[in-house]
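Novice: I need the structure of the sequence given here:
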Amino acid sequence: MKYTLIEPGDMVVSCREEAVLETLLGSCIGLALYDQDAQAGGVVHVLLPSGPTHKMEETPLYYAQSAIPALIDALLEKGATMSGIVAHMAGGAHIVTKGAIQDLNIGKRNTIKAKEILDAYAIPIISMDVGGSVGRRLKLTLPTGEVEIKRSRGAKGGLIGDKDEPRPKAPRLDENSLRKMASELKPDSNVAIRALQLVRGDDICFRELEELILKDQVLCGRILGIVNSARYGLQRQITKLSHAINLLGTTTFKKIVMQACIKGLYSKPFKGYELDDQAFFHHAVACAELSQFLADRLAIADPEEAYLAALMHDIGKILVEQNFTNTFITVKMSASIKRIPFFLAEKECLGTDHAELGKFVAQEWGLPNALVRAISYHHEPHKTDDSKELVGIVHVSNYICNMLGIGLGCDTMSNILDTDTLALLKMDEGTVTEIIEYVPRILFTHGQ
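Specialist: Model (predicted):
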């Protein structure tokens, strides 16, 4: 059976064939339409309720106003009839905020607009799971038309927030214990750590980097694998690092080296966080690409530093998976039942959280202090006293990726967006909307 993952701002339609169409959602809306008689169905992943006319004409699948009619038209072309089409809807998660800006109601507006359009077409909604502070996956199986909507965790309402109210906490882990955990997490070789240190900054010697990478066949193979992937769309197979540098340019090559150094640690299922195979890596790369874009666009942080900081922001989750397997279920229960941010549930139940564990990994690997802070405070940017812009960029990028369902896990949409950080970066709801519109072009142009 053919499986297709529908990325944000895209749709797939199928008729009279065995296929599974699935999309992962945060504040976006996922819509599955199906006609039983025609055995035709399709799924669309909508980013925003509507946009300027020229934008809806240019990228119609980004907006409910234009995407839903496009999906209906595609089904009619497959033999469906208006009287036979039914709908299933998921997503529209609430953006929980802390700070001066409180009106980021993108999820709610997506839901209202999608319902409005379906009502105008007189298409009945058979099942719907929207709102709350959870991510969702929407799956349509064809030709039967079976639909499954699964939540990333069990909470039904929004978060209460991180109010300073007394809560029982697990015993605090001492620093020596945390450093010991971090010391046991290594890339495939010391070459990878040295490569991560080398790719930062403008004074890098690419001959030295190439010679270093060639000492590690696994790392070298992984780099060439990424170079030759569909994302970069090269016309011929590249077998030498020097050729890759010449063809892709130094900036892109450095990003590939960063990805390759951590891919072995990231490319596996994370059962505790309910992340599918490759989902952790996919989220990290997406967040890194977006952070680099924001750093460049806002001109307030080094883009390559932002890329590496975002690439590693969740690395502490690996240590959580390795060291807290038997108790992690209590984290998910606490976050759902008490309706508290997921990272606070980690602190409460484990005595630490993935951001703190990530800090010790970054220190163990000899990364700069600015990156250590970005990893440490990516959920609490207000707590850093330095590198505020870099930390803020990673925080916002991570949240936007969650809004789009990129790397769906049990903590998707269950942490808080610090809108004071938006103000620091001179961003508001309009800016966030513009960034969301641009994300698919950054991430999916070459089929990442």
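Novice: which residues of the stretch 101-250 of the chain fall in strands?
Specialist: Assigned by DSSP state E, counting those that start in this stretch, the stretch 101-250 of the chain shows strands spanning 125-130, 136-142, 146-151.
Novice: which one of those strands lies closest to Thr325?
Specialist: Smallest distance to Thr325 across those (CB to CB): 22.0 Å, for strand 146-151. From N, CA and C alone the C-beta is placed, and that goes for glycine too.
Novice: contact partners of the helix or strand harbouring Ala345?
Specialist: Ala345 is part of helix 342-350, with elements assigned from DSSP states H and E. Where contact means CB atoms under 8 Å, 6 or more residues apart in numbering, the residues beyond helix 342-350 that reach it are 162, 167-170, 173, 320, 324, 327-328, 330-332, 334-335, 338, 340, 352-355, 379-380, 410-411, 414-415.
Novice: show me just the buried residues among those residues.
Specialist: Neighbour counting by 16 or more other CB atoms under 10 Å classes 162, 170, 173, 320, 324, 328, 330-332, 334-335, 340, 352-355, 379-380, 410-411, 414-415 among the contacts of helix 342-350 as buried.
Novice: report the contact partners of Ile300.
Specialist: Neighbour list for Ile300: 389, 393, 425 [criterion: CB under 8 Å, 6+ apart].
Novice: ok, now with 6 Å
Specialist: Applying CB atoms under 6 Å, 6 or more residues apart in numbering, we find Ile300 in contact with Glu389.
Novice: confidence-wise, which helix or strand of this protein is lowest on average?
Specialist: Least confident helix or strand of the chain, by mean pLDDT, DSSP states H and E, is helix 190-198 with a mean of 84.
Novice: which of the residues in stretch 333-350 are buried?
Specialist: Across stretch 333-350, burial judged by 16+ other CB under 10 Å covers 334-336, 339-350.
Novice: among the contacts of helix 342-350, name the ones in helices.
Specialist: Secondary structure from DSSP state H places 320, 328, 330-332, 334-335, 354-355 of those in helices.
Novice: of the residues you listed, which pair is most distant in space?
Specialist: Farthest pair in the ones in helices among the contacts of helix 342-350, by CB to CB: Thr330 and Ala355, 18.5 Å.
Novice: name the nearest residue to Tyr266, ignoring sequence neighbours.
Specialist: Nearest non-adjacent residue to Tyr266, counting by CB to CB, 6 or more residues apart in numbering: Phe281, 3.9 Å away.
Novice: surely that neighbour is in contact with Lys268?
Specialist: No - assessed by CB atoms under 6 Å, Phe281 is found out of contact with Lys268, at 8.7 Å.
Novice: who has more neighbours, these two?
Specialist: Phe281 (20 against 16; other CB atoms under 10 Å).
Novice: then that one would be within a strand, right?
Specialist: No - read with DSSP: H, G, I helix; E, B strand; the rest coil, Phe281 is helix and lies in no strand.
Novice: now do the same for it: its pLDDT.
Specialist: In this model, Phe281 is scored at 93, pLDDT.
Novice: over to the one 4 residues further on?
Specialist: Per-residue confidence for Val285 comes out at a pLDDT of 93.
Novice: for it, pull up the helix or strand it's in.
Specialist: Here Val285 is assigned to helix 279-298, by DSSP H and E.
Novice: remind me which residues of the stretch 301-448 of the chain are low pLDDT?
Specialist: Within the stretch 301-448 of the chain, the ranges that satisfy pLDDT under 70 run 445-448.
Novice: all the strands of it, in order from the start?
Specialist: With strands called from DSSP E, counting those that start in this stretch, the stretch 301-448 of the chain shows them at 417-418.
Novice: SS state for Ala32?
Specialist: Look at Ala32: counting by three-state DSSP, its state is strand.
Novice: and for it, the neighbour number?
Specialist: Count around Ala32 with other CB under 10 Å applied: 28.
Novice: run through the bridge partners of it.
Specialist: In this entry, Ala32 is beta-bridged to Val43, His88, by DSSP bridges.
Novice: list the contacts for it?
Specialist: 43, 88, 138, 140, 147.
Novice: I'd like these as TSV, with distance to Arg179, pLDDT and neighbour count appended.
Specialist: What follows is the contacts of Ala32, written out as TSV (distance: CB to CB, whole Å; pLDDT from 0 to 100; neighbours: other CB atoms under 10 Å):
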residue	distance to Arg179	pLDDT	neighbour count
Val43	46	98	28
His88	48	98	23
Leu138	42	98	27
Leu140	47	98	27
Val147	48	98	21
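Novice: a markdown table for the residues you listed, including distance to Asn369?
Specialist: Converted to a markdown table, these look like this (distance: CB to CB, whole Å):
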| residue | distance to Asn369 |
| --- | --- |
| Val43 | 44 |
| His88 | 48 |
| Leu138 | 42 |
| Leu140 | 48 |
| Val147 | 49 |
